[in-house]
Structures are given as C-alpha cells and as structure tokens.
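test case, fold it:
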Amino acid sequence: MLRLLGVLFTVLLAIATAIVVWPQFFHLEQTYPFAQLVSARGPVLAGFLIVAVLALLLLLARPLRGFAASVLIVALVGAGAIGAIGAVRGFGASALPEKTADSVRVLTWNTAGEAVSAADIAQQILEQGADIVALPETTQAVGEQIALMLREQGHPMWVHHVQFRPDVEDGPQSWQTTVLVAPELGEYSVIESSKDGTSNTGSVPSAVLMPIDGAGPTIVAVHAVAPRMEEMEQWRQDLQWIADQCPPGDFILAGDFNATIDHMAPLGMDGGDIGYCRDGASRTGNGMTGTWPSSLPPLAGAPIDHVMVSKNWTPSGSVVLDDAGGSDHRALVVQLEPAG
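Predicted structure coming up:
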C-alpha cells in the first residue's frame, strides 16, 4: 500500500512539475494559479532544489530509497529544465553596448506614482541616454518637470500623456501613463482612441503614439492590469489588446506588461513573442532578470516590464537598473539598432 502511494505521489509530482515548468504545453499559462507560478521561475527553481535536498536525505532511510530516488529525479529534471530556460533567456547582463548614431535606447519604468522623484527619473534618462521613455503611473505634471530638467541638461524630450477619468479629482496615479520622446525621432501625437479609451487596456491606460509625418516607428507605452484572481479576464483582454498593437510594420512597445513572455505564448505571430514583436531583454541576456518586485533580488522576481520590437529593430543590449528609487518596479533599458 505504501509503495502504491509512493508511486502515485511521484506521478502527481511529475505532472505538477511539467505544468509548472512549461504550462504552455497544457494551455494553462494564462490560468490562475499557474500564471502566477510561472512568472517567478527563480523561486520555483529554488523550490525544486530544496525538494532535491530533502530527497537526498530520505535516501538514508532504506525503506524509502526507491521513493526518494524517484522524487530526486523529478526534482532534478524540473530544476534542470528551468535552468536551461534561464540559460537561453539570460540570467542578467549588466552593461549596454556603445551607442551609435543610429541606436535608439528605450527606458521603461513603472514609477509607482510619486514614489520616484522627477529628478531621479531625469537623472536616469540622462545617464542611460534614453530616446524613448515609457512611464506608467507617472502624471503629466511630473513628466513636464522631467522634460524641463532634461532641457536644462541639453537633452530635450517631448512629453505625451494619457489619463483615464480625468474628471475625477485626485484619481489614482495608476490611471495615468506618460511618454517622453526625443525630438530626433520626429514629432509624435497620441492617437485619439488612446485618449478617450475606446481602444486601450481596460483598467490602467496605455498610450499609442503615431509619427505625425508617417516616418518612424509607432510607439506604444504599455500598462496592463495585474493578474489578480478577480482581474484574470481583464488581464487576458489587455494582453490580447497589446498583441494587436504589433501587427506587421514598424513598432516599439515598452512598459509594464504585468506578464512574462511565458504568458504571451499563445499571442505571438511569425516568431514574435506578442503579436509580431519580440522581447528585447530575453534576446540580450536579461530574460530571467526580475523587474518586480524591487524588494526581492532580481533573480527572485518576475520579468514583467518589457521592451518589445518589430523586425525593423534588432536589440543589441539591455540592462535592468538596480536602484528602483522607491518604486516596486526596477527600470529596464534596451538598446535597439535598425535591422538591415
């Protein structure tokens, strides 16, 4: 009877391991609670290693050796699979390549409202040489302060902004998203459907910027709702909307997606991770570096902030900034080069 229970436990553990490691195979990557588990691969890897150590200890008990050996194998396979995924996506690159005349640097940072000062944001923009800056949860007033500081430092940027429910006085800052764009990229404007919410993410706003003269990439500053139990359906709708913002063409998407590339598996087209866009961080050594929450070490967090680009651009480097400046998100910077 005990042997039968041991076999049953091992089989269930193997199935659970397969689901946690690769929920896409079972079409569970957008289903609660598997969506939450797969977002934090670092802690899951640590969990498998702890199980492996416990199984090694159980090997010392002769009656439990068969059971312990099977558990050990399953745990090591699970840990090895996550390690292999991490090796492909990257456990952390810490420097950007030299910027060329054609390079474009994109910075995205969910600033958690006023948790990060305008001065700190401006300083990071200057230090990183950012040309496009997506700032979910940043007000227009703060964006204008940043632009003034940047202009004084010889790095002017245009400010664009979207706000849900502007009629609500002192509404939550999560209802706002601010975007800064360097003049060298041309003149941009926010499309009307982003402003009035007729085509947007559902609970917190994204901003779609189009080049006025038609030359240059469409820029989308993304903010999707978090996948809480009560928000799962809205979260899935937000991800679908984001995927729709990257059809064939010239696009740069940046922001707080509240999703890892695992969650985007059913939404990629023609080799893209979401729509026709590809994730910059996972192609430049930072695919496993967590951007949220900043209170945890990077490899224990979830990589949910992204810079996604169409085939018009080639990511050449990325970095996740250590200093979150008081926000619960770390900033991500990705350098892009024109393809071809």
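
after the least confident helix or strand in the chain by mean pLDDT, which helix or strand is next?
Least confident helix or strand, the chain: helix 2-21 with a mean of 88, by mean pLDDT, DSSP states H and E. Using DSSP states H and E, the next helix or strand after helix 2-21 towards the C-terminus is helix 34-38.

tell me the helix or strand right after that next one.
Immediately after helix 34-38, counting by DSSP H and E, sits helix 41-58.

quick one on the thing from earlier: which other residues reach the least confident helix or strand of the chain?
25-26, 28, 34, 37-38, 44, 48, 66-67, 70-71, 74-75, 77-78, 81-82, 85 (C-beta atoms under 8 Å, 6 or more residues apart in numbering). Using the backbone N, CA and C atoms, a C-beta is placed for each residue, glycine as well.

can you pull out the helices in this structure?
2-21, 34-38, 41-58, 65-89, 118-128, 140-152, 192-196, 232-244 (DSSP state H).

alpha carbons only: can I get the second one in PDB?
What follows is helix 34-38 as a C-alpha-only set of coordinates in PDB (Å, rounded to 0.1, in the frame of the first residue of the first chain):
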ATOM      1  CA  PHE A  34      -0.300  28.700 -13.000                       C
ATOM      2  CA  ALA A  35       0.100  32.100 -14.400                       C
ATOM      3  CA  GLN A  36       1.300  33.300 -11.100                       C
ATOM      4  CA  LEU A  37       3.700  30.400 -10.600                       C
ATOM      5  CA  VAL A  38       5.400  30.600 -14.000                       C
END
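
any low-confidence regions in the protein?
For the chain, the stretches flagged by pLDDT under 70 are 1-2.

if we go to 80?
Applying pLDDT under 80 to the chain flags residues 1-4, 6, 340.

tally of neighbours for L49?
16 (other C-beta atoms under 10 Å).

ok, now which ones touch the nearest residue to it once chain neighbours are set aside?
Excluding the flanking residues, the one nearest L49 by C-beta to C-beta, 6 or more residues apart in numbering is A79, at 5.5 Å. For A79, the contacting residues are 45, 48-49, 52, by C-beta under 8 Å, 6+ apart.

counting neighbours, what do you get for the residue found closest to W175 once you drop the neighbours it is linked to in the chain?
With sequence-adjacent residues excluded and distances taken as C-beta to C-beta, 6+ apart, W175 is closest to F164, at 4.1 Å. When neighbours are counted by other C-beta under 10 Å, F164 registers 20.

now do the one 10 residues further on
When neighbours are defined as other C-beta under 10 Å, S174 has 19 of them.

same question, the one 5 residues further on
When counting by other C-beta under 10 Å, one arrives at 29 neighbours for V179.

any idea what it is bridged to?
A134, H160 (DSSP bridges).

so the residue nearest to W175 is in contact with G202, correct?
No. With contact defined as C-beta atoms under 8 Å, F164 does not reach G202; the gap is 9.6 Å.

ends of stretch 222-236, what's the gap?
14 Å (C-alpha to C-alpha, to the nearest Å).

tell me the buried residues in it?
Within stretch 222-236, the residues that count as buried by 16 or more other C-beta atoms under 10 Å are 222-227, 231-232, 234-236.

mind putting the helices of the chain in CSV, distance to D279 included?
Below are the helices of the chain laid out as CSV (distance: least, C-beta to C-beta, whole Å):
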stretch, distance to D279
helix 2-21, 19
helix 34-38, 15
helix 41-58, 15
helix 65-89, 9
helix 118-128, 19
helix 140-152, 26
helix 192-196, 22
helix 232-244, 12
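
among those helices, which is nearest A324?
A324 lies closest to helix 118-128 among these, at 9.9 Å (C-beta to C-beta).
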